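*Asks:* Sequence below, structure please.
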Amino acid sequence: MIAGVVLAAGASRRFADGRGAQKLVAHAAGKPVVRWTVERMLASHVDEVVVVTGHECDAVRRALDGLDVRVVDNPYFARGLGASLEIGIGALQAAITGAVIALGDQPTVPTVVIDALIEAWHERRMPIVAPLYRGVRGNPVLFGASLFPELRRVAGDHGARDIIARSPERVTLVDVDADMPLDVDDRTSLDSVARLLAPRE
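*Replies:* Numbering: from 1, shown residues only. Predicted coordinates:
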């Protein structure tokens with residue numbers, strides 16, 4: 001079984017501009033940013049989806065109303081992505097054999113990319129499968145269960161980048177003929193993402 005783990009706990013410091021706004025619940029093309037991200041994960045071949053919340057967790061939960069996900073709260077979100085990884089991985093069922101780790105502020109990741117990672121993992125059985133967007137490694141990344149203990153020990157705000165970088169022999173890269181998905185970091189990037197998500201006429 002493969003899980004999707006969406007990290008949606010960050011404090012949105014760059015986006016907030018001192019106003020306390022939570023970028024994940026900002027609307028892009030009619031829906032909250034985090035809902036776009038989670039819906040695309042749900043549309044993939046993962047078997048369950050866990051969403052890790054933190055900053056303004058109640059607002060993020062409301063943005064996900066009606067979706068078939070498990071939401072777990074990270075009270076230590078100020079410590080960075082590492083704390084969310086620990087909580088998200090710790091919430092997975094024992095039967096889970098791999099997890100696709102996604103960032104809640106990347107709503108334009110295509111479902112086909114998630115499915116390509118899962119397919120490559122089943123075919124090649126490498127511990128780490130990552131997308132290569134026109135030559136640049138990006139997110140989301142699939143980790144086999146053998147790496148869950150390492151993921152739970154990640155500290156700070158670097159996420160799992162160090163795990164990937166220090167053991168390239170454990171990594172399978174999947175070529176994606178598309179630009180790197182945008183992060184929603186500020187209001188300018190939110191506008192860019194909204195244009196990408198808007199229905200085509």
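
*Asks:* what's the span of stretch 63-70 from first residue to last?
*Replies:* Taking CA to CA, to the nearest Å as the measure, stretch 63-70 stretches 13 Å from start to finish.

*Asks:* Distance from the chain centre to that stretch, please.
*Replies:* 15 Å (CA atoms, centre = their mean, to the nearest Å).

*Asks:* Name the surrounding residues that touch it.
*Replies:* Applying CB atoms under 8 Å, 6 or more residues apart in numbering, the contact partners of stretch 63-70 are 6, 24-25, 32, 34-35, 38-39, 42, 48-51, 71, 91. Glycine gets a C-beta too; all of them are placed from N, C-alpha and C.

*Asks:* Filter the residues you listed down to the ones in helices?
*Replies:* If you go by DSSP state H, the contacts of stretch 63-70 have 34, 35, 38, 39, 42 in helices.

*Asks:* picking that back up, quick check: the two most widely separated of the contacts of stretch 63-70?
*Replies:* 25 and 48 (22.8 Å; CB to CB).

*Asks:* ok, now which ones touch residue 62?
*Replies:* residue 25.

*Asks:* Same check on residue 81?
*Replies:* Residue 81 touches 7, 10, 154, 156, 157, 158, 159, counting by CB under 8 Å, 6+ apart.

*Asks:* Repeat that for residue 114.
*Replies:* Residue 114 neighbours (CB under 8 Å, 6+ apart): 4, 40, 41, 44, 45, 46, 100, 102, 140.

*Asks:* just for this structure, where's the confidence low?
*Replies:* 11-21, 158, 200-201 (pLDDT under 70).

*Asks:* Which of the contacts of residue 114 are buried? Put it as a ChimeraX command.
*Replies:* A single ChimeraX command selects the buried members of the contacts of residue 114 (16 or more other CB atoms under 10 Å):
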select :4,40,41,44,46,100,102,140
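
*Asks:* on that earlier part again, of the contacts of residue 81, which is the most crowded?
*Replies:* When neighbours are counted by other CB atoms under 10 Å, residue 7 leads these with 28 neighbours.

*Asks:* If you drop the residues flanking it in sequence, what lies closest to it?
*Replies:* residue 84 (4.7 Å; CB to CB, 6 or more residues apart in numbering).

*Asks:* okay, now that neighbour: neighbour count?
*Replies:* Using other CB under 10 Å: residue 84 sits among 29 other residues.

*Asks:* Can you give the distance of the biggest helix by length in the chain from its chain's centre?
*Replies:* Ranked by residue count and defined by DSSP H, the top helix of the chain is helix 111-124. For helix 111-124, the separation from the chain centroid amounts to 15 Å (computed by CA atoms, centre = their mean).

*Asks:* between that helix and helix 33-42, how big is the angle?
*Replies:* 40 degrees (axes from the mean of the first three to the mean of the last three CA atoms, to 10 degrees).

*Asks:* Buried residues in helix 111-124, which are they?
*Replies:* Buried, per 16+ other CB under 10 Å, within helix 111-124: 113, 114, 116, 117, 118, 120, 121.
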